[in-house]
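Novice: dropping the sequence and predicted coords here.
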There are 6 protein chains.
Amino acid sequence: MEPRDKEVEASKRKITYKVDLPFFIIKLNSPETLNCMTSHDYIYLCTLLQMAEENKEVYFTVLQSSGRFFSSGADFRFISKHKDFLDSKESKFRDAHEDPAKVSELNKIWLDAFVSRNLFVTDAFINHSKILIACMNGPVVGLTAALCLLCDLVYSMNDKVYFQCPFAKLGLVCEGGTSVTLPLKLGYNLSFEKLMFSENIEFNDLKDRVIVKNYQMQDTEKFNEIVLKDLKNKISKVYLPSCLAMKKILNNNINSDLERANSREVNVALPYWVRGEPVRRFQALLLGKRNSRL
Amino acid sequence: MEPRDKEVEASKRKITYKVDLPFFIIKLNSPETLNCMTSHDYIYLCTLLQMAEENKEVYFTVLQSSGRFFSSGADFRFISKHKDFLDSKESKFRDAHEDPAKVSELNKIWLDAFVSRNLFVTDAFINHSKILIACMNGPVVGLTAALCLLCDLVYSMNDKVYFQCPFAKLGLVCEGGTSVTLPLKLGYNLSFEKLMFSENIEFNDLKDRVIVKNYQMQDTEKFNEIVLKDLKNKISKVYLPSCLAMKKILNNNINSDLERANSREVNVALPYWVRGEPVRRFQALLLGKRNSRL
Amino acid sequence: MEPRDKEVEASKRKITYKVDLPFFIIKLNSPETLNCMTSHDYIYLCTLLQMAEENKEVYFTVLQSSGRFFSSGADFRFISKHKDFLDSKESKFRDAHEDPAKVSELNKIWLDAFVSRNLFVTDAFINHSKILIACMNGPVVGLTAALCLLCDLVYSMNDKVYFQCPFAKLGLVCEGGTSVTLPLKLGYNLSFEKLMFSENIEFNDLKDRVIVKNYQMQDTEKFNEIVLKDLKNKISKVYLPSCLAMKKILNNNINSDLERANSREVNVALPYWVRGEPVRRFQALLLGKRNSRL
Amino acid sequence: MEPRDKEVEASKRKITYKVDLPFFIIKLNSPETLNCMTSHDYIYLCTLLQMAEENKEVYFTVLQSSGRFFSSGADFRFISKHKDFLDSKESKFRDAHEDPAKVSELNKIWLDAFVSRNLFVTDAFINHSKILIACMNGPVVGLTAALCLLCDLVYSMNDKVYFQCPFAKLGLVCEGGTSVTLPLKLGYNLSFEKLMFSENIEFNDLKDRVIVKNYQMQDTEKFNEIVLKDLKNKISKVYLPSCLAMKKILNNNINSDLERANSREVNVALPYWVRGEPVRRFQALLLGKRNSRL
Amino acid sequence: MEPRDKEVEASKRKITYKVDLPFFIIKLNSPETLNCMTSHDYIYLCTLLQMAEENKEVYFTVLQSSGRFFSSGADFRFISKHKDFLDSKESKFRDAHEDPAKVSELNKIWLDAFVSRNLFVTDAFINHSKILIACMNGPVVGLTAALCLLCDLVYSMNDKVYFQCPFAKLGLVCEGGTSVTLPLKLGYNLSFEKLMFSENIEFNDLKDRVIVKNYQMQDTEKFNEIVLKDLKNKISKVYLPSCLAMKKILNNNINSDLERANSREVNVALPYWVRGEPVRRFQALLLGKRNSRL
Amino acid sequence: MEPRDKEVEASKRKITYKVDLPFFIIKLNSPETLNCMTSHDYIYLCTLLQMAEENKEVYFTVLQSSGRFFSSGADFRFISKHKDFLDSKESKFRDAHEDPAKVSELNKIWLDAFVSRNLFVTDAFINHSKILIACMNGPVVGLTAALCLLCDLVYSMNDKVYFQCPFAKLGLVCEGGTSVTLPLKLGYNLSFEKLMFSENIEFNDLKDRVIVKNYQMQDTEKFNEIVLKDLKNKISKVYLPSCLAMKKILNNNINSDLERANSREVNVALPYWVRGEPVRRFQALLLGKRNSRL
């Protein structure tokens, strides 16, 4: 269990939480990595969501971050750990007709490394019963961007915030329910433009559609503080059980679609991972853009 | 039948109608109460809708109002009529396990006072086959706001118009199909912000999404007149049966969702009424804000 | 509160319950009326369902009955209470164009007497989270038949059990979700035959489709006893939380459809009540078949 | 086969195509008719779509046009071909009860002239698996407007572009899936305003909702060129199979609704054609507005 | 109009009708052809359905037939009329890439000959608001079988009745909504067995699922008579408006699915017709089995 | 890669395949284990399905087995491999509030061991485009039973065949889409009886609903042979592309529901695994029933 323990310990350091009833506040606390997230980080994040879920006095789960980025998405350095295997001739995809056993192994690898994590994380956000609030201090990328699109309320620190869903650029497909949330929130045509060409979704695209308030601030810590203060003020007049009951009724309209999308997205993506395109593209990114990344 | 007759007579005075083919014009005519509406008023409003429905020469059902507000929503003074009972110890909610007969009585009271009215009124608007037009001379609140969100065309007199859906503040949940119409028309994230914190939905939120034309006027009677004149002009070139056929096809996309939402909304709200939170909050509003209301 | 109290007291006598964990057993205990049910009885029945719902140690809600019939359906003698009004010329339906106030009053009467009750009772069964078990000792009629069709498990005492959905005969439409449950469980064509011509749904139609076990017994009390004993035996090997989790997943397939059907059924039925056909037919039944009923 | 051959030859001249991998470029090339389209033109357009569909190296199907209009919609001069018949007393609609054989003939005529064409063309756009791009050099009308609303990406040459859906004015109903695409992309209330009164959908209504980029140019040929150059640039970084996989997942959300709408729209429209209102209105347009059209 | 007139006249002879309120009785009256039906016959049949639809005193539309077969399905002799063209080299399918104009012509031919007819006929049955009753005197094949599966009530003369859906054998796909009605009524696995291998659906498969009563008779005329007599007896006790209201609620569950299926079925089938497989198989059947057919 | 390689090699021995166009025949070939299946076996099975999927000349994927059982389900001996960990105090579930890191680790373990495998296997069957045929030589249990319920055609060797879905007995929930397939194929009430009490689904329950033909044989090898011979005979007359096109249209009705169910089933089951009930029950089964199992 040693290696696993270490990874969980790392997640614990990178993602902290605090209970300030009725708020459960989760903070991405790894500004030095631009809050990029490993598989273990995502699963740890969801375990915290489960804690918020089970605490009956929690009505709002607030996601905060730190530093320049809200999150730079999945940490694709995990690929370098598998480098030896992925570089070996054994790992090379072959036509299943030639060697089904080899393809079966690759299926198993990517089921564990990609499918199970994505399905779980996305479902945890889809079915979270507390009001989900994202405090966007800066840009957000990939799977974390998808999770922010599953949040009920999104506030931005300033108009430099953007979302990045670079699935086409990475040889992947829609993740984290974005095949439903993007057309639902941005509209179909704008979603196609952003998804097909892996273009940034800029603040102006997000305003009123995803981001409901722009705080026009520069300091992340102060932004996190003021949002929380605002929230405490806003809820002073409302009956909190009504909020959860309304979320349940509202989400009933889309949760079935989101669950189906989640299943379809991961199952469609799997053969892309097995055939190797995303790995090639992640490696190229790591090599060529190590310094200029993001 | 005496008391009932009186209430119906009151509704007849407060809500008038006129047939100006192909328009059926219903007018809220109680500016001194800000057009707040009793259960009987809502049911009478729907009976007028049924008249419009059954008249084959009617193609458009137009809702007008008078005075400062389009409608200040449900008249919660009805609660004071039940004051004796609601204040008595008999009315206090008890755990059903302690006394199911008492809870059964409370269920019956609120089924009649709330569930049946809301379900009926909302359904009458969902399934109305004529083009529904709301002429917003001023703010609209609560269930009446929900009904305006079910209208096909909404025009505003000026940019002081706003919608208020204060369900969370009153210890209630979404009413009148708002769990579907708000996300459909305003978008999900904006709807959450407005619903969770009982915030006003301002003109700028409504523009192009709900309100399709702003007349920038100040006089309600002239506004009502000019909208009708405009409508007569606009329809001069169109084949009216096409309008109803198109509404039928368009609404087919959402009517099933609206009907399900209607059923869910009233059934989820019932235990809130039975447990007493909305009554407590209405009474507090009546007491504390009698003069400064809205 | 006097008259209401009496009616609730009557319901308490007619419908009893007992908690025998993990079973919550509700018993229709009015064999002398063939267990016909007033509005108050139906609401009291649902209040008991709410008790079962809220008790975390309850996993199964069991409906038993007594005497010859499981239930002969809604007690239409309530109409005779309203006889004076319904016979008066005031109550006669007039074209809404002639007198919308009169129609509005009739709408209100039937909203309270029919719509709110049916919507509530049906929803309580649709959304009950415990396993619903009906022990059919004999025939079941009307709304109670509809509720048995919403049960998850139905056992019959013998092959004399039948269901009766005489909506067409009474000038009504599908009630209690039967517009969904009948085609779902009996198939479309058989449902049309039974509904269009108000034919009994006989044991052979129900076998394996609705009734999953026939006990071939003659004594109701012994039947109730043996079913419960069987159930205790069957659950000895299973993990009870799995049962509720599976019901939740299974019902997710149909609950939205059932909720929409519930709303549509009551709203479509309302004008039938207002126009008076069901009352005329109930009165004819009461007159002509007082002795030979059912 | 002679007459048919000629019509197909005409279509071949009016609609050209070019394969510039991964683009399949279809160009409406009849500026002198404002690119109005006959039944044969629409069917030929779809046959080109099928070519794009079957070519595995094609990832994007681009629609370009020429001249002032993108397309002025269906060429209603075909009606004058049928003038003799349509003017004859045989063609006049009679109550089916009087002469079902005559109505049967009219059904057959309009099934061939309208239903089969519309259903086929709309379905070809709904189920096209390549990314559909419309380069709007100018206004677009009727069925062609509907097809552009089915495109995934729409670029405009300048802000003079508008969409016209004059179904109500022509005595018709929604065509080409507009009963789904308009509310989906423009929102419900705006769609009602445009559809009920046959109003132009102006650039400002379309911006960000349908049109994702405005090139602010004046020359159609240069606009077509620069859009293609832009596209080539944009796709340089993306993995093209990801684009098609994402379109498949995204469209899965709405294709069932679109297919149902397509069927409903044509079947609802048929009796309007049979009863003659659209023909009367087209003829009036041809007569009265021959010079001032559009 | 000459040739068309003749075809309609033929339909009038082959399909007769009679109004016997509240029944509208349509009779297939061409026993010498086993009631096989041309395109014109199907359209004429639907025109009669429209008559029944528009007659407010009609509550039941009854389909009767004559002779040995209820209907042997589509009359594929129409193909021989097109023999010259279909045999000519011009008609041969070519790869669209080689000659899109030729494919466009073939598309047009089959849109008129197949798509428009099937879509229309199927929709007329899906959306017919009166109770549809089929009196099966004998086997039924193809599109007519599909229409009988869309009927609400099906009675059989004896157990020699069977349904034949030989789509796979003819190089076609599901028609007439069978992709929905067969799994709905027969169950999924049985439908696959019948559809994949073009096996007859025998009386035992249909009993209780499609056929709700078997009259065990041998004479078609007497069977037709006795069914009608039975129906008159059955409806003596029911309120007929309730029947239509219940059908509307019941069908609301499946009509959207049926409409989507209708659109998908015809659009998927079109390229099969264009590529020529069904014609080849019909011609082989005509040649090889001219005497032994069915 | 060593340990993994061995497991894949084992799967290769236990599951064999053969291409006999248009059939792709997969055979469970481990009669000595009653064809119980490890995670690797299930993934290997799906890799074979992918081979069948990609082979354009394959139209039917046939599942055969060997020995007494078709398959005894998931091989729960894998739990003993994790015995040390699962017995250690580190593995014991703790309240997430106490130690989210520990719960996070357990989430990861079961995501890999259960969620990813089940989601993948189930999706492979849901979305397999070839006709899926299961030749049941004997009983089938658990996840393999669920997969057989996803097959299009099921034949049984004799009436001793049964299905076992013992989810409640094992402390689990519906797997492999059974929350959709069981009510769809068996009906709701029968499914509840079988699922709630973990009762065998006997041949009589399956007949005509799941099993479309019973071969009444005793020898597995001969049964496999004769089924294949029958199939070859049956397909001699049909156009094979029609079969795949029809499956695509038929499954379009239910695949979205199945995908959503798949996602929901695995995500609902995960906390059951994490909390340890299934492991405890599997271990009890292994201990207590080692010899008498099944």
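Specialist: That came through fine. Numbers count the residues shown, from 1 in each chain, chains lettered A, B, ... in the order given.
Novice: so where do the helices sit in the stretch 151-294 of chain A?
Specialist: A:178-186, A:188-196, A:203-206, A:220-235, A:240-251, A:255-275, A:277-288 (DSSP state H, counting those that start in this stretch).
Novice: okay if I get those as TSV plus mean pLDDT and mean neighbour count?
Specialist: The way it works is simple: take the backbone N, C-alpha and C, and place the C-beta from them, glycine included. Written out in TSV, the entries for the helices of the stretch 151-294 of chain A read as follows (pLDDT from 0 to 100; neighbours: other Cβ atoms under 10 Å in any protein chain shown):
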stretch	mean pLDDT	mean neighbour count
helix A:178-186	98	26
helix A:188-196	98	24
helix A:203-206	98	19
helix A:220-235	98	16
helix A:240-251	98	20
helix A:255-275	96	23
helix A:277-288	84	16
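Novice: ok, which of those helices comes nearest chain F?
Specialist: Among the helices of the stretch 151-294 of chain A, the nearest to chain F by Cβ to the nearest Cβ is helix A:255-275 (3.9 Å).
Novice: rewinding a little: could I get the helices of the stretch 151-294 of chain A as CSV with distance to residue D:34?
Specialist: Formatted as CSV, those follow (distance: least, Cβ to Cβ, whole Å):
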stretch, distance to residue D:34
helix A:178-186, 32
helix A:188-196, 25
helix A:203-206, 34
helix A:220-235, 54
helix A:240-251, 46
helix A:255-275, 40
helix A:277-288, 45
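Novice: can you list those helices in TSV and add distance to chain E?
Specialist: Formatted as TSV, the entries for those read as follows, by distance: least, Cβ to the nearest Cβ, whole Å:
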stretch	distance to chain E
helix A:178-186	20
helix A:188-196	19
helix A:203-206	32
helix A:220-235	40
helix A:240-251	22
helix A:255-275	16
helix A:277-288	28
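Novice: out of these, flag the one nearest residue E:12.
Specialist: For the helices of the stretch 151-294 of chain A, the distance to residue E:12 is smallest for helix A:188-196, at 48.8 Å, taking Cβ to Cβ.
Novice: would that closest one count as contacting chain B?
Specialist: No. Helix A:188-196 stays clear of chain B (Cβ under 8 Å from any Cβ of the partner chain), getting no nearer than 12.7 Å.
Novice: can that helix be said to contact chain D?
Specialist: Yes. When contact is scored as Cβ under 8 Å from any Cβ, part of helix A:188-196 falls within range of chain D: A:188, A:189, A:190, A:191, A:192, A:193, A:195, A:196.
Novice: what does that helix contact?
Specialist: The set of residues external to helix A:188-196 that reach it, using Cβ atoms under 8 Å, 6 or more residues apart in numbering or on different chains, is A:165, A:167-168, A:174, A:178, A:182-183, A:186, A:199-201, A:205, D:131, D:152-154, D:184-185, D:208-213, D:234-235, D:238, D:243, D:246-247, D:250, D:254.
Novice: bridged to the residue of the stretch 1-150 of chain A at minimum distance from chain B, which residues?
Specialist: Closest contact between the stretch 1-150 of chain A and chain B, by Cβ to the nearest Cβ, is at residue A:131 (6.0 Å). Counting by DSSP bridges, residue A:131 is bridged to residue A:60.
Novice: in this structure residue A:281 contacts residue A:171, no?
Specialist: Yes. Under the criterion of Cβ atoms under 8 Å, residue A:281 makes contact with residue A:171 at 4.9 Å.
Novice: overlap in contacts, those two.
Specialist: Counting by Cβ under 8 Å, 6+ apart, the residues touching both residue A:281 and residue A:171 are residue D:239.
Novice: count the neighbours of residue A:215 for me.
Specialist: Residue A:215: 17 surrounding residues under other Cβ atoms under 10 Å in any protein chain shown.
Novice: that one contacts residue A:224, correct?
Specialist: No. In terms of Cβ under 8 Å, residue A:215 does not count as a neighbour of residue A:224; the distance is 10.1 Å.
Novice: ignoring the adjacent residues along the chain, who's closest to the residue of the stretch 51-200 of chain A found nearest chain B?
Specialist: For the stretch 51-200 of chain A and chain B, the shortest gap (Cβ to the nearest Cβ) falls at residue A:152, measuring 4.3 Å. Counting by Cβ to Cβ, 6 or more residues apart in numbering or on different chains, residue A:152 lies nearest to residue B:192, which is 4.3 Å off, once chain neighbours are set aside.
Novice: look up how far residue A:127 lies from the one you found.
Specialist: When Cβ to Cβ, to the nearest Å is the yardstick, residue B:192 and residue A:127 sit 16 Å from each other.
Novice: tell me the contacts of the residue in the stretch 101-250 of chain A that chain C sits nearest to?
Specialist: Per Cβ to the nearest Cβ, residue A:249 is where the stretch 101-250 of chain A lies closest to chain C, at 11.1 Å. Residues touching residue A:249, when contacts are defined by Cβ under 8 Å, 6+ apart, comprise B:173, B:174, B:179, B:261, B:264, B:265, B:268.
Novice: let me have those in JSON lines, adding distance to residue E:55 as columns.
Specialist: Supplementary listing: those in JSON lines, determined by distance: Cβ to Cβ, whole Å:
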{"residue": "B:173", "distance to residue E:55": "46"}
{"residue": "B:174", "distance to residue E:55": "43"}
{"residue": "B:179", "distance to residue E:55": "41"}
{"residue": "B:261", "distance to residue E:55": "37"}
{"residue": "B:264", "distance to residue E:55": "39"}
{"residue": "B:265", "distance to residue E:55": "40"}
{"residue": "B:268", "distance to residue E:55": "44"}
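Novice: tell me the one of those nearest residue D:115?
Specialist: The shortest separation between residue D:115 and any of those is 34.2 Å, and it belongs to residue B:261 (by Cβ to Cβ).
Novice: that closest one touches residue B:180, doesn't it?
Specialist: Yes. With contacts defined as Cβ under 8 Å, residue B:261 counts as touching residue B:180 at a distance of 4.5 Å.
Novice: between those two, what contacts are shared?
Specialist: Common neighbours of residue B:261 and residue B:180 (criterion: Cβ under 8 Å, 6+ apart): residue A:253.
Novice: farthest from the middle of chain A: give me that residue.
Specialist: Most distant from the centre of chain A: residue A:98, at 36.7 Å, with distances by Cα atoms, centre = their mean.
Novice: next, that one: phi, psi?
Specialist: phi -80, psi -40 (degrees, to the nearest 10).
Novice: about what we covered before: could you list which of the contacts of residue A:249 also contact chain F?
Specialist: Filtering the contacts of residue A:249 for proximity to chain F by Cβ under 8 Å from any Cβ leaves nothing.
Novice: low-scoring stretches of the stretch 51-200 of chain A, by residue?
Specialist: A:79-96 (pLDDT under 70).
Novice: now do the strands in it.
Specialist: Counting by DSSP state E, counting those that start in this stretch, the stretch 51-200 of chain A forms strands over residues A:60-64, A:131-136, A:140-141, A:153-156, A:163-164, given from the N-terminal end onward.
Novice: so what does the second one touch, helix or strand wise?
Specialist: Translated: strand A:131-136. Here strand A:131-136 is seen to pack against strand A:60-64, strand A:153-156, helix A:220-235, helix A:240-251 when contacts are counted using 3 or more Cβ pairs under 8 Å, 6 or more residues apart in numbering or on different chains; DSSP states H and E.
Novice: and what of the first one?
Specialist: Identification of packing neighbours for strand A:60-64 by 3+ Cβ pairs under 8 Å, 6+ apart yields strand A:23-28, strand A:131-136, helix A:220-235.
Novice: recalculate using a threshold of 6 Å.
Specialist: If contacts are counted by 3 or more Cβ pairs under 6 Å, 6 or more residues apart in numbering or on different chains; DSSP states H and E, strand A:60-64 sits against strand A:23-28, strand A:131-136.
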